[in-house]
Each structure stands twice: as structure tokens, then as C-alpha cells.
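Participant: here is my input; please provide its structure:
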Amino acid sequence: MAQKNKKLAAALAAVNAYIMQEEEAAYQAQLAAARSAAQAGPSLWAIAGRQDIMNFRRLIQMKAF
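Facilitator: Residues are numbered from 1 along each chain as shown. Have a look, this model is predicted:
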């Protein structure tokens with residue numbers, strides 16, 4: 001009976017370790033996806049260029065030229 005309990009404990013420990021590894025891998029994948037999504041936004045140069053275009057159009061509408 002003691003031998004059976006040892007085998008059962010070893011099997012449960014192995015399954016638990018496997019599940020913990022899978023959870024860690026999923027967490028790392030989530031972190032990588034979050035990092036790449038944060039970097040995918042528009043660049044500051046693009047935003048500045050669009051802002052200049054909008055300012056120029058506003059000046060034209062006001063007939064400042």
C-alpha cells in the first residue's frame with residue numbers, strides 16, 4: 001500500500017508541475033502580446049505631421065494668407 005501511495009504522489013506531482021509550466025508559458029505569451037500591442041501605436045513624427053496639416057488648414061479657413 002505504501003508503494004502505491006508513493007507512485008500516486010509522484011504522478012500527481014508530475015501533473016502539477018506540467019500544469020504550472022503551461023500556465024507560465026501562457027502568461028509569458030500574454031506579456032509578449034501586450035508589449036507588441038503597446039509599441040504598435042502611431043509614431044510621434046506622424047502625429048506631429050498631422051497636427052501641422054490641421055493647423056495649416058485652420059489658417060487657410062481663417063483666410064490668414
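
Participant: in three-state terms, label residue 41 for me.
Facilitator: coil (DSSP: H, G, I helix; E, B strand; the rest coil).

Participant: state the pLDDT value of it.
Facilitator: Residue 41 is assigned a pLDDT of 70 by the prediction.

Participant: centre of the chain versus the helix or strand harbouring residue 14, how much separation?
Facilitator: Assessed by DSSP states H and E, residue 14 sits inside helix 2-39. On the basis of C-alpha atoms, centre = their mean, to the nearest Å, helix 2-39 is displaced by 20 Å from the centre of the chain it belongs to.

Participant: tell me which other helices or strands it touches.
Facilitator: If contacts are counted by 3 or more C-beta pairs under 8 Å, 6 or more residues apart in numbering; DSSP states H and E, helix 2-39 sits against no helix or strand. Where you see a C-beta, it was placed from the backbone N, CA and C, and this is true even at glycine.

Participant: what's the distance between the most centrally placed residue in the chain and residue 10?
Facilitator: In the chain, the centroid-proximal residue (C-alpha atoms, centre = their mean) is residue 34; its distance is 0.9 Å. Distance of residue 34 to residue 10, computed by C-beta to C-beta, to the nearest Å: 37 Å.

Participant: equivalent analysis for residue 3, please.
Facilitator: Taking C-beta to C-beta, one finds residue 3 at 11 Å from residue 10.

Participant: look up how far residue 43 lies from residue 57.
Facilitator: Relative to residue 43, and taking C-beta to C-beta, residue 57 is found at 21 Å.

Participant: and the helix or strand of the chain with the lowest mean pLDDT, what's buried?
Facilitator: Every helix and strand of the chain was ranked by mean pLDDT, DSSP states H and E. The lowest is helix 2-39, at a mean of 90. Residues of helix 2-39 classed as buried: none (neighbour count, 16 or more other C-beta atoms under 10 Å).

Participant: what element comes up after that helix heading to the C-terminus?
Facilitator: Trace forward from helix 2-39 with DSSP H and E and the next one is helix 44-61.

Participant: export that next one as PDB, just CAs?
Facilitator: Extracted C-alpha coordinates of helix 44-61, given in PDB (Å, rounded to 0.1, in the frame of the first residue of the first chain):
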ATOM      1  CA  LEU A  44       5.300  60.900 -32.700                       C
ATOM      2  CA  TRP A  45       6.500  62.100 -36.100                       C
ATOM      3  CA  ALA A  46       3.200  61.100 -37.700                       C
ATOM      4  CA  ILE A  47       1.200  62.800 -35.000                       C
ATOM      5  CA  ALA A  48       3.200  66.000 -35.400                       C
ATOM      6  CA  GLY A  49       2.800  66.000 -39.200                       C
ATOM      7  CA  ARG A  50      -0.900  65.600 -38.900                       C
ATOM      8  CA  GLN A  51      -1.100  68.400 -36.400                       C
ATOM      9  CA  ASP A  52       0.800  70.700 -38.700                       C
ATOM     10  CA  ILE A  53      -1.600  69.800 -41.600                       C
ATOM     11  CA  MET A  54      -4.600  70.600 -39.400                       C
ATOM     12  CA  ASN A  55      -3.000  73.900 -38.300                       C
ATOM     13  CA  PHE A  56      -2.300  75.000 -41.900                       C
ATOM     14  CA  ARG A  57      -5.900  74.100 -42.900                       C
ATOM     15  CA  ARG A  58      -7.200  76.200 -40.000                       C
ATOM     16  CA  LEU A  59      -5.100  79.200 -41.100                       C
ATOM     17  CA  ILE A  60      -6.500  78.800 -44.600                       C
ATOM     18  CA  GLN A  61     -10.100  78.700 -43.400                       C
END
